[in-house]
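Q: Everything below, folded, please.
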Amino acid sequence: MKSLIRVSSIFILLSIAFASESKKELVGEVQVNNTEGPDKQLLQSDVAPVDIDQIRKIRFEKSVGHKKHSEIMLNEQKKKKVSEQEFFEDQDKKAQQNAIIKRWSNDIRSKFSVGTLKGENGKSAIKLPSAPETN
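A: Below is the predicted model:
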């Protein structure tokens, strides 16, 4: 265990020593680079020229593509909305038809009240249904 601690401590000391030497070398290189004129650095770096017309053309094509895509999506949404409206209208028609049929069936099943016409002698003569109260 003691040998392991000794070896690791020696390794740590060596790594710190080498790290401090490399920092000194980097500081020296940075100072040398700073002494050169900034114009020389700009002249030495090779920058590819920018083709502005090509960039404009690409942006225009992208915008046209986005516009076409948005128009397609808008048309799809309109079609969905129209189909949903038609669906709801059909449902309303079916509901109205069902309501009419239910009302008719209730009217048919309902019992009519019967009124009697009495004769002159006070006896019942004719039994007639009265006028229905529903329309």
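Q: so where's the longest helix in this protein?
A: helix 52-109 (DSSP state H).
Q: for the record, mean pLDDT for that helix?
A: Helix 52-109 carries an average pLDDT of 90.
Q: just stretch 8-22 next, same as before
A: 77.
Q: ok, and for that stretch, which residues are buried?
A: For stretch 8-22, the neighbour count (16 or more other C-beta atoms under 10 Å) marks no residue as buried. For glycine as for every other residue, the C-beta is placed from the backbone atoms N, C-alpha and C.
Q: got the contact list for that stretch?
A: The contact list for stretch 8-22 (C-beta atoms under 8 Å, 6 or more residues apart in numbering) is empty.
Q: Number the residues from 667 up from this point.
A: OK, 667 is where the count begins now, so the last one is stretch 674-688.
Q: In PDB, could you pull the C-alpha coordinates for that stretch?
A: Extracted in PDB, the C-alpha atoms of stretch 674-688 (Å, rounded to 0.1, in the frame of the first residue of the first chain):
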ATOM      1  CA  SER A 674       1.000   7.900  -7.400                       C
ATOM      2  CA  SER A 675       2.500  10.900  -5.500                       C
ATOM      3  CA  ILE A 676       5.600  10.800  -7.800                       C
ATOM      4  CA  PHE A 677       3.400  10.600 -10.900                       C
ATOM      5  CA  ILE A 678       1.400  13.600  -9.600                       C
ATOM      6  CA  LEU A 679       4.500  15.700  -9.100                       C
ATOM      7  CA  LEU A 680       5.900  14.900 -12.500                       C
ATOM      8  CA  SER A 681       2.600  15.700 -14.200                       C
ATOM      9  CA  ILE A 682       2.500  19.100 -12.500                       C
ATOM     10  CA  ALA A 683       6.100  19.800 -13.500                       C
ATOM     11  CA  PHE A 684       5.500  19.000 -17.200                       C
ATOM     12  CA  ALA A 685       2.300  21.000 -17.200                       C
ATOM     13  CA  SER A 686       4.000  24.200 -15.900                       C
ATOM     14  CA  GLU A 687       6.700  23.900 -18.600                       C
ATOM     15  CA  SER A 688       4.200  23.600 -21.400                       C
END
